[in-house]
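> can you look at this prediction? I've put the sequence above it.
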Amino acid sequence: MGGDEPLVLIWSTWPDADTARRAARDLVEARLAACGVVLPAVASVYRWNGAIEEAEEAVLLVKTRAGAAAAATAAIERVHPYEVPAVLTLPIEAASAAYGAWVLTETDSPTT
């Protein structure tokens, strides 16, 4: 396990909390994420195909190591129901030592 590896947060919107929760579980089971947090109700306003749209969505926040971000993103994109899913990887500037170590431990596997 690379103790100095940076952590990242992956932000992704989903059509509903149940779909986001299933994706989070899959990522944690695959050790691509230490944790997935589902925020069940957000309102999105966006332009799609030339029209302003509004939708109720859920947000999935995925906590993982930088080295697992590409694989986690690919896993999200494989199961995501949207034609163009929002999948944003954000750097974590700092984390408590204990929490950072936990994230690294939980995402430490031969596949990451």
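Looks like it arrived, so ask away. Nothing here was measured: the structure is a model prediction, and the numbers come from that model. Numbering: from 1, shown residues only.
> please count neighbours and contacts with C-alpha atoms only from this point.
OK.
> what are the contacting residues of the biggest helix by length in the chain?
Counting by DSSP state H, the longest helix found in the chain is helix 17-29. Residues outside helix 17-29 that contact it (CA atoms under 8 Å, 6 or more residues apart in numbering): 13-14, 33-41, 57-60, 62, 72, 75-76, 79.
> can you say which of the residues you listed are buried?
Neighbour counting with 16 or more other CA atoms under 10 Å marks 13-14, 33-36, 38-40, 57-60, 62, 72, 75-76 as buried within the contacts of helix 17-29.
> what ranges do the helices span in the protein?
17-29, 69-79, 97-106.
> relative to residue 88, which of the ones you listed is closest?
Nearest of the helices of the chain to residue 88, taken as CA to CA: helix 69-79 at 8.5 Å.
> find the residue at the geometric middle of this structure.
Centroid check for the chain by CA atoms, centre = their mean gives residue 62 as the closest residue, at 3.1 Å.
> could you check the pLDDT of that residue?
Note for residue 62: predicted pLDDT of 98.
> hang on, it packs against residue 37?
Yes. Using CA atoms under 8 Å, residue 62 is in contact with residue 37, at 6.5 Å.
> ok, the residue nearest to the centre of the chain - contacts?
Listed by CA under 8 Å, 6+ apart, the contact set of residue 62 reads 9-11, 24, 33-37.
> now tabulate the residues you listed in TSV and tack on distance to residue 46 and pLDDT.
Shown next, in TSV, are the contacts of residue 62 (distance: CA to CA, whole Å; pLDDT from 0 to 100):
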residue	distance to residue 46	pLDDT
9	22	98
10	20	98
11	16	98
24	24	98
33	28	98
34	30	98
35	28	98
36	24	98
37	23	98
